[in-house]
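Asks: here is a sequence with its predicted model. Questions after.
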Amino acid sequence: MISLNWYLVVSALLFCIGLIGVLVKRNVIMVFLCLELMLNAANLSLVAFSDYLGNIQGQIFTIFNITVAAAEAVVGLAIIISLYRNRAMTNVDDFNLLKW
Amino acid sequence: MIHLFFLMFSLIAVIASWRVVAAKHIIHAVLWLVVTFFSTACLFVMLGAEFLAAIQILVYAGAIIILYVFAIMLVNVKDLDIKAHFHKHRRLAKLLGLVIFAELGLVFLQRFTFLQAKGPLAVQQAEWGGNSEVIGRLLYTDYILPFELASIILLVAIIGAVVLAITQEKRA
Amino acid sequence: MQYNFVVLLGDIKQISAEMVIILTIVVIMLMDILAPRGDKTLLAYISLGGTLLAALVCCTWNGVEQSIFSGALVVDRFAFFFKLMLFTITALTQLMSINYVKLRNINRGEFHALVLFATLGMLIMVSGADLLSIYLGLELNAIACCVLVAFLRQNVKSNEAALKYFVLSLFSSGILLYGISLVYGVTGEINIYKIARYLSGQQNVSHPMLHLGLVLLVVGFGFKVAYVPFHMWVPDVYEGAPISVAAFLSLGPKAAGFAVLVRIVMVAVFTLKVEWSILFSLLAVVTMTLGNLTALCQENIRRLLAYSGIAHVGYMLMGLVAAANYPQLGITSVIFYLLCYVFFNIGPFGIIILLCNKHKICEFIGDFDGLSVRSPLSAFVMTIFLLSLAGIPPMVGFVAKFLIFMAAMKAELYWLVAIGIINSAIAMFYYLRIVVAMYVRAPKPGLKINASPSLTIALAIMVGFTLLMGIYPALFIGFARYSIATLL
């Protein structure tokens, strides 16, 4: 039997890799992919806890996460396409109309 | 044996997710993401969540990734070559990621003495016939409101995507 | 509990206000298809009517508090208070939008439907009793708002603002989810009340994993409520979004986020009050100071309002810190502040809409030069809003700020109060700068008032309430106190 700790460590690794990616990447679609990694890590830890606690709530939560992730991907990509029509580029660095 | 599988799938997941971040071309990143999702699905199976594993592959690896591939095809791939576009502060970002990981790792490697013992899930699953049956029953009873909310979220996503991505109507 | 059809019907009856909103959305979408070429103004009125009807239905609540849908939602006074507030925000936004959407050529059925979708998400958030329904409400709101921000499709600024909002909201929901998973792991529950019960039964609750989960939750909601350092999206979104949407965003998600935050920290993890009060006091100081200092050097009124809004969040966080020791006083001051904030913060956006026409948006302070000559009334109204925002004595803003500072004094947070007072003084400067521009400088050519009946009504309501609450705040403070009586 694998102990809960190791699942959590794997999920923490995935989460941090996603986090680094979000901070490092400059391409919007790449940022989205890294965000998916973060969500995936959260799902993994939810399922691991669900198994350990013997409690189905974590799995149910994960189903909704996946649904929401799908909805978000749809809207995010629609925004990118809309932006792309107006200005042909997708790099975060190129967005300089609005300053930080 | 189970340790071997765990080691294998988690290693694949971690390496593939690192490849997503490090990929030179966006399509490679997307394909590595599929590998990550697939091995996470395998971990789900090991955790006794068979239904979720199936959903993970069908929805994530199947639908969402295909959506990304389509979006990449619709915008100009040349613009998306990101070799030269790493952030200036990448060292700082990596450091931050490592710090957070160290913190999480320290917390996660502690003993979980405070947690309850195994709950009724195994019993429930045995009684109702399996993982999918339990989830199905709960989704339509106790979790009916979140279930309906999820459908509304999908509706908003459809409306939003149509509003944003539809080609401009011709002006008379 | 056996969940059957009768129970389900009873539960649905409890959310009839939400059902009215959903039905209105359906009607709007159908009418949009059935009358494809016609004028969509009718749809705007339908959506406004739907909101008012829902508010009425909400008012028929019989005062019985219960949890419904197996604990997914809870019907209580606290949720009732916030629901009325959200209906007000939505109705004001819709009133301000009716003419504006025609002006900007975005008068489409989807716009009105999406405003209602966003409202629906917030309604779920404020009455959500488990983290799952709160999360879903939050996402519903975020997705709808995101599309609304991007609604000026030909405008690159609007697109970029939407993209920034979207990336940051997805990032925050990733962090939030991780936090939720940790809290779930420690307590084995996702229901707020069950988490509270579990933690209060534990001898030693301070496990590092719970702390980590709490921090991640606070970060995740930080993006919604917009405190520093999770505020980066605010100025850009206010600047890029359609103005009425910016007005909506400046309050709706903030109010709903605060409701959720209050419910989580006061109910679920109240046992960890030492930890979260330290966290929030630090956030309050940074948020106030940074918000005000950045607002000082803004020329664009929309960006100025964004930073001033961030500063106001800092004051509200102060009330939350005070609530750790004096729950009643602290939370009353926070939600009273939010209630007043509805009227005097949407107001300036209304004035900006009043001054914009097809070709030009007056959004710089310079554009307001000599407004008092062109239109004494609108300059006067703007002055009332700005004085309220600054918190000058006869105005309601003063009462609200005073309550917060009083709560903090009682909790012996003298240093926090001192920083708050210094910040209010700084804030005075940039609000008065606009007043000076309107009254002292010479008018510029081309400044035109573009009044419409609906916008006038909205402004009248906001001014009326700002003055009424300033003159007779006791009524509203009483309502705020009533609404939290059963929460704590």
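Replies: Perfect, thanks for sending it.
Asks: what's the longest helix in the chain?
Replies: With no chain named, the answer covers chain A. Determined from DSSP state H, the single longest helix within chain A is helix A:57-86.
Asks: you looked at the wrong chain, it should be chain C
Replies: Across chain C, the helix with the greatest residue count (assigned by DSSP H) is helix C:156-187.
Asks: ok, back up a step: what are the buried residues along the longest helix of chain A?
Replies: A:57-85 (16 or more other Cβ atoms under 10 Å in any protein chain shown). For every residue, glycine as well, the C-beta is placed using N, CA and C.
Asks: what residues does the stretch 151-300 of chain C have near chain A?
Replies: Residues of the stretch 151-300 of chain C lying close to chain A by Cβ under 8 Å from any Cβ of the partner chain are C:153-157, C:159-164, C:166-167, C:170-171, C:173-175, C:177-178, C:180-182, C:184-185, C:188-190, C:232, C:235-236, C:239-240.
Asks: give me the buried entries from those residues.
Replies: Neighbour counting by 16+ other Cβ under 10 Å classes C:153, C:155-157, C:159-164, C:166-167, C:170-171, C:173-175, C:177-178, C:180-182, C:184-185, C:188-190, C:235-236, C:239-240 among these as buried.
Asks: from these, which are also near chain B?
Replies: C:Arg153, C:Gly185, C:Gly188.
Asks: only alpha carbons, please: show stretch B:13-21 as CSV.
Replies: Taking Å, rounded to 0.1, in the frame of the first residue of the first chain, the C-alpha atoms of stretch B:13-21 are listed here in CSV:
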residue,chain,number,x,y,z
ALA,B,13,3.5,12.3,-14.7
VAL,B,14,6.2,14.5,-13.2
ILE,B,15,8.6,14.2,-16.1
ALA,B,16,5.9,14.8,-18.7
SER,B,17,4.6,17.8,-16.8
TRP,B,18,8.1,19.2,-16.7
ARG,B,19,8.3,18.6,-20.5
VAL,B,20,5.1,20.6,-20.9
VAL,B,21,6.8,23.6,-19.3
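Asks: what residues does that stretch touch?
Replies: A:10, A:13-14, A:17-18, A:20-21, A:24-25, A:33-34, A:37, B:28-29, B:32-33, B:35-36, B:39-40, B:43 (Cβ atoms under 8 Å, 6 or more residues apart in numbering or on different chains).
Asks: among those, which are located in strands?
Replies: Members of those lying in strands (criterion: DSSP state E): none.
Asks: hmm, back to that, show residues contacting the following helix or strand past the longest helix of chain C.
Replies: Going down the chain from helix C:156-187, the next helix or strand is helix C:192-201, by DSSP states H and E. By Cβ under 8 Å, 6+ apart, the surrounding residues in contact with helix C:192-201 are C:67, C:71, C:74, C:129-131, C:183, C:187-189, C:205, C:263-264, C:267-272.
Asks: in helices, which of the residues you listed appear?
Replies: Among the contacts of helix C:192-201, the ones falling in helices (DSSP H) are C:Leu131, C:Val183, C:Thr187, C:Arg263.
Asks: mind listing what A:Ala41 touches?
Replies: By Cβ under 8 Å, 6+ apart, the neighbours of A:Ala41 are A:Ser11, A:Ala12, A:Leu13, A:Leu14, A:Phe15, A:Gly18, C:Tyr178.
Asks: and the host helix or strand of it with helix C:156-187, angle?
Replies: Taking DSSP H and E as the definition, A:Ala41 sits inside helix A:28-53. Orientation note: helix A:28-53 sits at an angle of 10 degrees relative to helix C:156-187 (axes from the mean of the first three to the mean of the last three Cα atoms, to 10 degrees).
Asks: now helix A:28-53: average pLDDT?
Replies: In this model, helix A:28-53 carries a mean pLDDT of 90.
Asks: one more: stretch B:59-75?
Replies: Stretch B:59-75 comes out at a mean pLDDT of 86.
Asks: chain center to it: distance?
Replies: The chain centre lies 14 Å from the centre of stretch B:59-75; the measure is Cα atoms, centre = their mean, to the nearest Å.
Asks: what comes up buried for that stretch?
Replies: Buried residues in stretch B:59-75 (16+ other Cβ under 10 Å): B:Val59, B:Tyr60, B:Ala61, B:Ile64, B:Ile65, B:Leu67, B:Tyr68, B:Ala71, B:Ile72, B:Val75.
Asks: could you dump the ones next to chain B among the buried ones among the residues of the stretch 151-300 of chain C next to chain A into JSON lines with pLDDT added?
Replies: Shown next, in JSON lines, are those (pLDDT from 0 to 100):
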{"residue": "C:Arg153", "pLDDT": "81"}
{"residue": "C:Gly185", "pLDDT": "87"}
{"residue": "C:Gly188", "pLDDT": "85"}
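Asks: from those, which is closest to C:Ser388?
Replies: Top of the list for closeness to C:Ser388, among those and by Cβ to Cβ, is C:Arg153 at 35.0 Å.
Asks: mind listing what the closest one touches?
Replies: Going by Cβ under 8 Å, 6+ apart, C:Arg153 touches A:Ser82, A:Asn86, B:Leu164, B:Gln168, C:Asn159.
Asks: tell me the two of these that are most distant?
Replies: Maximum pairwise distance among those (Cβ to Cβ): 13.5 Å, between B:Gln168 and C:Asn159.
Asks: what's next to stretch B:104-112, contact-wise?
Replies: Stretch B:104-112 is contacted from outside by A:Leu4, A:Asn5, A:Leu8, A:Val9, A:Ala12, A:Phe15, A:Cys16, A:Tyr52, C:Pro208, C:Met209, C:Leu212, using Cβ under 8 Å, 6+ apart.
Asks: that stretch: how far from the chain's middle?
Replies: The chain centre lies 23 Å from the centre of stretch B:104-112; the measure is Cα atoms, centre = their mean.
Asks: average pLDDT across it?
Replies: The pLDDT scores in stretch B:104-112 average 73.
Asks: same question for stretch C:249-264.
Replies: Mean pLDDT, stretch C:249-264: 92.
Asks: hmm, C:Gly71 and B:Tyr143 touching each other?
Replies: No. At 10.3 Å, B:Tyr143 and C:Gly71 do not qualify as touching, with contact defined as Cβ atoms under 8 Å.
Asks: residue of the stretch 351-488 of chain C with the smallest distance to chain A?
Replies: For the stretch 351-488 of chain C and chain A, the shortest gap (Cβ to the nearest Cβ) falls at C:Glu363, measuring 13.3 Å.
Asks: that residue: what's it in contact with?
Replies: C:Glu239, C:Asn300, C:Ile301, C:Arg302, C:Ile352, C:Cys356.
Asks: read off the pLDDT value for residue 94.
Replies: Answering for chain A, as no chain was given. For A:Asp94, pLDDT reads 55.
Asks: you answered for a different chain; I wanted chain B.
Replies: Among the per-residue scores, B:Lys94 shows a pLDDT of 77.
Asks: residue contacts, it?
Replies: B:Lys94 sits in contact with A:Ile20, A:Val24, where contact means Cβ under 8 Å, 6+ apart.
Asks: quick check: it vs B:Leu11, distance?
Replies: Going from B:Lys94 to B:Leu11 by Cβ to Cβ, to the nearest Å gives 20 Å.
Asks: next one: C:Gly220
Replies: According to Cβ to Cβ, C:Gly220 stands 29 Å off from B:Leu11.
Asks: those two: which is more packed in?
Replies: Neighbours were counted for C:Gly220 and for B:Leu11 using other Cβ atoms under 10 Å in any protein chain shown; C:Gly220 has more, 24 against 12.
Asks: how about the more buried one: what's its closest non-neighbour residue?
Replies: Distances taken as Cβ to Cβ, 6 or more residues apart in numbering or on different chains place C:Leu176 nearest to C:Gly220, at 2.7 Å, with adjacent residues excluded.
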